[in-house]
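Q: Sharing a model that was predicted from the sequence below.
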Amino acid sequence: MTPSFDAEQFWAEQAWTVQDRFLEMHSHWLTVIGEHLQDHRGNILEYWRIEKADSVIVLPIQNEQILFPSPSYRPGVGSVTLDLPGGRVPAGTSPEQAAIAILQRELGIDAASVDQLIALNSTGWAVNSSFSNQKLYGFVAGFPDSRI
């Protein structure tokens, strides 16, 4: 007979607990948090994480061609890059609303010109779950020729 596996018990045994928070620094863009965590083996670890607004990235397609905004400077990599349209999801805004606003801001495409907006995920992908709570929502946007 095969022993039964209790997934709920397994995950509960793997959980880490916060022992104390020694830093919390807020800015408009993110919150930096320093904590001491106790892992499932009893080890106390110093851990740093950030909390950020969720983000959206849009793959805009017209006539089987991908539309890109003009290259722009990206401080994170210290150079000008060619990126897909994207940005943060403001508080009180849905990812779909953010995607439409990003198309307007980065490509000059108004909401009435968007023929299709297809969500690639409904709950967001974890961007880097080891140190961030940020999720990324993906969309494909389609446009008829005459509206852009």
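A: Perfect, thanks for sending it.
Q: switch to C-alpha atoms for all contacts and neighbour counts from now on
A: Fine.
Q: What distance do you get for Trp29 to Arg88?
A: Computed with Cα to Cα, to the nearest Å, the distance linking Trp29 and Arg88 is 9 Å.
Q: Identify the contacts common to the two.
A: Listed contacts common to Trp29 and Arg88 are Ala53; contacts here mean Cα atoms under 8 Å, 6 or more residues apart in numbering.
Q: Show me which residues of stretch 115-122 are buried.
A: Residues of stretch 115-122 classed as buried by neighbour count (16 or more other Cα atoms under 10 Å): 117, 119.
Q: Endpoints of that stretch, how far apart?
A: Between the opening and closing residues of stretch 115-122 lies a distance of 20 Å (Cα to Cα).
Q: which of Trp29 and Arg88 has more neighbours?
A: Set side by side, Trp29 and Arg88 show more neighbours around Arg88, with 21 against 9, by other Cα atoms under 10 Å.
Q: My read is that the more buried one contacts Ala99, right?
A: No - applying Cα atoms under 8 Å, one finds Arg88 not in contact with Ala99, separated by 9.3 Å.
Q: and for the two, which residues touch both?
A: The contact sets of Arg88 and Ala99 overlap at Val56 (Cα under 8 Å, 6+ apart).
Q: Val18: what secondary structure?
A: Remark: Val18 carries the secondary structure label strand [criterion: DSSP: H, G, I helix; E, B strand; the rest coil].
Q: next one: Leu117
A: With three-state DSSP as the criterion, Leu117 was assigned strand.
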